[in-house]
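Asker: how would this look folded up:
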Amino acid sequence: MRLRESQEFYREYQVEFPSARPSGVAANDTVTVRAWFPTTNDGPVPFVLMLHYWGATDLGLESALAKRLANAGIASAAIALPYHLERTPQGKRSGEAALTADSGELKLTMAQALADVRRTLDWAQGRPEVDASRMGIVGTSLGALVAALSFGVDHRIEAGAFLLGGADLAHVFWNSSRTVALRNEMRSQGYTEERLRSELTEIEPMEALKGAPPRPALVLSARYDNVVPPRSSSTLVAALAEPQVIILDSGHYGGSLIQNAILRNTAEFFAKTFRGEQYRAPGRLYVPTLRVGLALTSERGLQVAVGLDLWRLRNSNSLFASALATPQGVQGFLGYNLSSGLAVGAMVLPKHIQPGLFWSIVF
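Answerer: Below you'll find the predicted structure:
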């Protein structure tokens, strides 16, 4: 291991190893591990493996969590998933080659990610600083999908946290706002969601979790997520054994507004679990529901609008009230969501109210 940084409460190291399931792409077949070990504990300590989101260009989120874990006496490591970061082929963006319209390539990439996770756990298990009986995994978005598969396959993992992820890979691929072009390409090849689901069975977290031993788990999802649909998060919750669940009133990216609260709860989940205590998710983590879209009224026509939800029918995505900032000033909207972000209702203008439409996506 090569020392990267030494601080009062942790030391950060780097190590590389060949991918456990090489792809044949040279840049992609060396795995870089960044590891953080606490300096304030005697004897072996628990260990958490962290997996990043699709398209990550750095490990800033994982580094921030690693330092919280180190303060709690927990070692951690982060790896680059296939075709990301140091593993990005020349001429590609980080993550660009990780998802394709070829189901065979999707399976190979996911299988490589799983194999690399397991080899990293092998490495951690052999470190004298690590208590191999207390190992966990946490992933964000794409990383959460890989983490869920790993959690089902590798029973050395004693606790798992899945942030903005889910299960049912075909449903994610077929309904995510990030895979529109790839989905259209697959449709042109005669694919349906059901056909894709049948072809991805061997790398499906739901299948891997069947019969897996019950272990502590935390699932964080977003009510208005259009990248990893809420149904996929619910599918993962149903596949786990009574996980703790946190639901944000935001879209996929709204969690960035309360990153510290999310990292604090994730670190607390692992710290309590490894001490043999029960972690209980907070009833609510407040995050503002921000909308960006188009507002339409007969008086003001079509306007770009940024909205902040002031009220929503409890436990429902249908009826809501927002304050909208538009080029023509601030106005209010009380509406009913029809589908795909389109809502119909009443637009509250400075001197009167009139019917209006508001199409939006939630941040």
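
Asker: In a strand, residue 149, correct?
Answerer: No: applying DSSP: H, G, I helix; E, B strand; the rest coil, one finds residue 149 to be helix, outside a strand.

Asker: what's around it, how many residues?
Answerer: 25 (other C-beta atoms under 10 Å). The way it works is simple: take the backbone N, C-alpha and C, and place the C-beta from them, glycine included.

Asker: for the residue lying closest to it once chain neighbours are set aside, what are its contacts?
Answerer: Of all residues not flanking residue 149 in the chain, residue 205 sits nearest, at 4.6 Å (C-beta to C-beta, 6 or more residues apart in numbering). Contacts for residue 205 (C-beta atoms under 8 Å, 6 or more residues apart in numbering) come out as 145, 148-149, 151-152, 167-169, 236, 239.

Asker: and with 7 Å instead?
Answerer: Applying C-beta atoms under 7 Å, 6 or more residues apart in numbering to residue 205 gives the contacts 145, 148-149, 152, 167, 236.

Asker: where do the strands sit along the stretch 151-300 of the chain?
Answerer: 157-163, 217-222, 244-248, 290-297 (DSSP state E, counting those that start in this stretch).

Asker: quick one: contacts of the longest one?
Answerer: In other words, strand 290-297. Residues contacting strand 290-297 (C-beta under 7 Å, 6+ apart): 254, 302-308, 322, 324, 326, 333, 341, 347, 354, 356-363.

Asker: Can you give me the end-to-end span of stretch 205-218?
Answerer: By C-alpha to C-alpha, to the nearest Å, the extent of stretch 205-218 from end to end equals 15 Å.

Asker: Return the set of buried residues in stretch 23-31.
Answerer: Residues of stretch 23-31 classed as buried: 23, 25, 28-29, 31 (neighbour count, 16 or more other C-beta atoms under 10 Å).

Asker: Same question for stretch 63-81.
Answerer: In stretch 63-81, the ones that count as buried by 16+ other C-beta under 10 Å are 63, 65-70, 72-81.

Asker: Same question for stretch 82-98.
Answerer: Neighbour counts over stretch 82-98 (16+ other C-beta under 10 Å) mark 82-85, 87-88, 94-95, 97-98 as buried.

Asker: for stretch 199-214, same thing?
Answerer: For stretch 199-214, burial by neighbour count (16+ other C-beta under 10 Å) applies to 200, 203-209, 212.
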